[in-house]
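Student: Give me coordinates for this.
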Amino acid sequence: MVEKIVLKGRGIVGGIVEGEALVVPTHIHTSGLQNGVITEVDHPQRGVSIKGKVLVFHSPAGSSDWGATLHENWWSGNGPTALINRKATTLVLTGAIASSIPTVVDLDKDPLEVIETGDWVKVDADHGIVEVFKRH
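Tutor: Here you go, the predicted structure:
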């Protein structure tokens with residue numbers, strides 16, 4: 001039996017997509033994402049690809065270039081299919097809107113505590129709903 005958890009939040013960029021979750025519990029810096037791969041030298045997930053994943057992340061770090069970096073990765077086919085973030089920030093909003101990536105923020109539960117890498121996630125950003133299908 002598959003455990004299903006439903007989170008409710010606020011959709012920023014609409015769309016309904018699903019895929020495997022990649023949870024990044026630390027910051028992703030502006031300069032630390034190239035060709036869909038986390039490249040920050042001291043990042044605990046250095047070398048991990050965000051391509052085609054539902055990216056559940058702590059927050060972006062750096063300047064407003066973060067949105068441009070995310071868009072560049074998305075445009076080249078190396079971006080995530082959706083973004084889930086616990087809090088709407090200017091950097092998250094800029095990246096989501098610039099890239100037209102379905103995005104849900106401000107969830108009723110902390111997604112970093114509920115979602116694990118490898119969980120299957122359905123993101124309904126039109127309605128601000130995230131369904132998590134636990135992998136175990």
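Student: Next, Val13: phi, psi?
Tutor: Dihedral pair for Val13: phi -120, psi 120, per degrees, to the nearest 10.
Student: ignore the last one, Gly95
Tutor: Main-chain dihedrals, Gly95, degrees, to the nearest 10: phi -60, psi -40.
Student: wait, doesn't it sit right on Asn73?
Tutor: No. With contact defined as C-beta atoms under 8 Å, Gly95 does not count as touching Asn73 (9.5 Å). Placement of C-beta: from N, CA and C, glycine included.
Student: okay, these two: which has more neighbours?
Tutor: Gly95 (28 against 22; other C-beta atoms under 10 Å).
Student: Show me where this protein has its strands.
Tutor: For the chain, the strands defined by DSSP state E cover 4-8, 10-13, 16-29, 33-34, 37-38, 54-61, 82-85, 103-105, 120-124, 129-133.
Student: Please work out the average pLDDT along stretch 26-37.
Tutor: Mean pLDDT, stretch 26-37: 80.
Student: next one: stretch 69-85
Tutor: The average pLDDT within stretch 69-85 is 86.
Student: Okay, buried residues for it please.
Tutor: Under the neighbour-count criterion of 16 or more other C-beta atoms under 10 Å, stretch 69-85 has 69-74, 78-85 buried.
Student: Please enumerate residues in contact with the helix or strand bottoming out on mean pLDDT in the chain?
Tutor: When the helices and strands of the chain are scored by mean pLDDT, DSSP states H and E, helix 65-75 comes last with a mean of 75. Identification of contacts with helix 65-75 by C-beta atoms under 8 Å, 6 or more residues apart in numbering yields 28, 30-31, 33-36, 50-51, 60, 79-80, 91, 94-101.
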